[in-house]
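> Okay, here's the prediction I keep looking at, along with the sequence it came from:
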Amino acid sequence: MMEVGDATTHLTDLSTNEKSKNFNSNNDILSDEDVKLSFGGLLRADEVASNQADGSPVEDDIVKSSPKEGLSEQETKEKQEWLEQVVQEQSEWDALELAHQSVSGGVKITPSQSFADALEYLLSRNMDKTDIAPTVERTGFRALLHFLFGPPKLKQSLVDERDSVFCIAKAQLQNGDELHAGILQTIYKKLTGSKFDCPRFGSHWQDIGFQGNDPATDLRGVGLLGLMHILYAVNNDNTYSFLMDFYRLSLDAEQNYPFCVMSFNVSRITLEVLREEKLNRDMNKANQVVAVMNKFYLAVFYHIHNIWKTQRKTIKDSGTVMKDVEIAARKTPKQLLKAWQVALDKRIQSKSVTAPSARKSDYSHLSTGGRSRQSSSWSEESQEHAGDNDGPSAEDMVQFTNITMAVKDEPVTDL
């Protein structure tokens, strides 16, 4: 059995392709459970369960079985050897991941944080609603036009929920709050496919599109609402595959962009449209605020994704793209929602929705500029070669953030 230190040295030289060739044709990593089920219990179930419980790598101890009917002794031997190699490879990768976690302060596996529980927790906090602006103040002729031709007023029964959304957008990430940490860990693991928690601070956050080593610094203007939107999308079976489409495009060698920063700008646009009461009709109809906001967030992100992908946009086009998207969101929210619903229904009907817990490894080895997106990305080696990444430069990142955050100051005539 290879020691953790040896595994670290040995596996640094392995490429992603070399690793993936030892797994099935769908490029899914064979989990211990997959191996156990696929080969009729060749692994001892009690040992697998024990190893999974304490987080240790699976031992390559195989129960020797007699040749099955229809297979020659040589074929059975070859299958047995192949299975041993699969388990050994998996254990070595797990050992490498464990080694990196140990360097970072110990192994920890935080359970996935559900959106419903997180929302309930945040809504139960004592929220200060004295310093929020849930609607746009209009005076004079503009107020009259809005009254006569503007959207309907929000139901009184939904006002408190709407105000709470703005309070969540004002709330900041707290290091000592376990739920806040759980939200961050869930987002990171869902996007990267990592099994273990990552450190609270580090360059690995840049892998999913934060600008620096501390995610809290990117939450200006949207607060925890920015994280909640992503949490909703990764925890919903019908939207997870869409979000992964957006994430994959953000890793493209030419069209890459900082994923989380883009998402927070979508949250900001959503918040502005809510403040302008453009979603009141849909919220009154659904008798919900948060659910409609989540839907509109995804509709705007889907609109950006289509423009970015089909028109071959890059980060240098971000200013124009975001300005056009914000105008569309304010002027034609109904059309954006309709386009999103059509796309969502089509994917559901085609039965191509990928649940977060299924085929997780489909998204486990995403890369940008040729760098593997492994959970070990915060290792010393990956940090040493961080400059080799062909992603957006620091100058582009600053320009992108400044442009997109400044778009909200552009005047847009409305009722």
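Nice, I can see it.

> per-residue pLDDT, the closest residue to residue 188 other than its chain neighbours?
Nearest non-adjacent residue to residue 188, counting by CB to CB, 6 or more residues apart in numbering: residue 198, 5.6 Å away. (Glycine included, C-beta is placed from N, CA and C.) You'll see residue 198 listed with a pLDDT of 92.

> how near is residue 198 to residue 110?
10 Å (CB to CB, to the nearest Å).

> Which one's more surrounded, those two?
Between residue 198 and residue 110, residue 198 has the larger neighbour count (other CB atoms under 10 Å), namely 24 against 15.

> I'd like the distance between the more buried one and residue 189.
8 Å.

> can you count the residues close to residue 221?
17.

> go on, residue 206?
20.

> what sits against it?
212-213, 258 (CB atoms under 8 Å, 6 or more residues apart in numbering).

> Next, it: phi, psi?
Per-residue torsions, residue 206: phi -70, psi -20 (degrees, to the nearest 10).

> and residue 334, how far is that from residue 188?
Residue 334 is 34 Å from residue 188, by CB to CB.

> By neighbour count, sort out the buried ones in the contacts of residue 206.
Neighbour counting by 16 or more other CB atoms under 10 Å classes residue 258 among these as buried.

> Select from the contacts of residue 206 every entry located in strands.
Using DSSP state E, no member of those sits in strands.

> what bits of this protein have low per-residue confidence?
1-71, 89-107, 126, 146-147, 149, 351-415 (pLDDT under 70).

> could you redo the last one with a cut-off of 90?
Scanning the chain for pLDDT under 90 picks out 1-111, 123-151, 176, 195, 220-221, 237-238, 349-415.

> what domains does the record give for it?
4-103, 115-409 (automatic domain parsing).

> Please point out which parts of stretch 169-187 sit buried.
Those would be 169-171, 173, 180-187, for stretch 169-187 by 16+ other CB under 10 Å.

> contact partners of it?
110-113, 117-118, 121-122, 125, 127, 131-132, 197-198, 200, 208, 215-216, 219, 221-228, 230-231, 234-235, 267, 271.

> Could I get the full set of helices for the stretch 51-200 of the chain?
Using DSSP state H, counting those that start in this stretch, the helices found in the stretch 51-200 of the chain span residues 73-103, 115-124, 140-149, 156-170, 178-192.

> for the stretch 201-350 of the chain, same thing?
Along the stretch 201-350 of the chain, the stretches classed as helices by DSSP H, counting those that start in this stretch are 223-235, 237-250, 259-275, 280-286, 290-310, 318-331, 333-349.

> list the helices and strands the longest one packs on?
Think helix 290-310. The helices and strands touching helix 290-310, judged by 3 or more CB pairs under 8 Å, 6 or more residues apart in numbering; DSSP states H and E, are helix 156-170, helix 223-235, helix 237-250, helix 259-275, helix 280-286, helix 318-331, helix 333-349.

> again, but for the fourth one
If you count contacts as 3+ CB pairs under 8 Å, 6+ apart, helix 280-286 packs onto helix 156-170, helix 290-310.

> can you list contacts of that helix?
By CB under 8 Å, 6+ apart, the list of residues contacting helix 280-286 reads 151-155, 158, 162, 289, 292, 296, 337.

> okay, the residues you listed in CSV with distance to residue 72 next?
Shown next, in CSV, are the contacts of helix 280-286 (distance: CB to CB, whole Å):
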residue, distance to residue 72
151, 74
152, 75
153, 78
154, 73
155, 73
158, 70
162, 70
289, 65
292, 62
296, 61
337, 61
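
> Selecting buried members of these in PyMOL, what would you type?
This is the PyMOL syntax for the buried subset of those, where burial follows 16+ other CB under 10 Å:
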select buried, resi 151+154+158+162+289+292+296+337
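
> Among the contacts of helix 280-286, give me the pair with the biggest separation.
Across the contacts of helix 280-286, the longest distance by CB to CB is 19.7 Å; it joins 153 and 337.

> ok, residue 144 to residue 138 distance?
For residue 144, the distance to residue 138 - CB to CB - is 9 Å.

> actually residue 116, sorry about that
35 Å.

> Please apply the same query to residue 160.
22 Å.

> So for these two, which residue has more residues nearby?
Taking neighbours as other CB under 10 Å, residue 160 and residue 138 compare with residue 138 leading, 16 against 12.

> circling back to that earlier point, which residue of residue 334 and residue 188 possesses the greater neighbour count?
Using other CB under 10 Å as the criterion, residue 334 and residue 188 rank with residue 188 on top: 22 against 13.

> Could you report the distance from that one to residue 285?
Counting by CB to CB, the gap from residue 188 to residue 285 is 35 Å.

> now do residue 327
Computed as CB to CB, the residue 327 to residue 285 distance reads 24 Å.

> now swap in residue 310 and tell me
Residue 310 is 31 Å from residue 285, by CB to CB.
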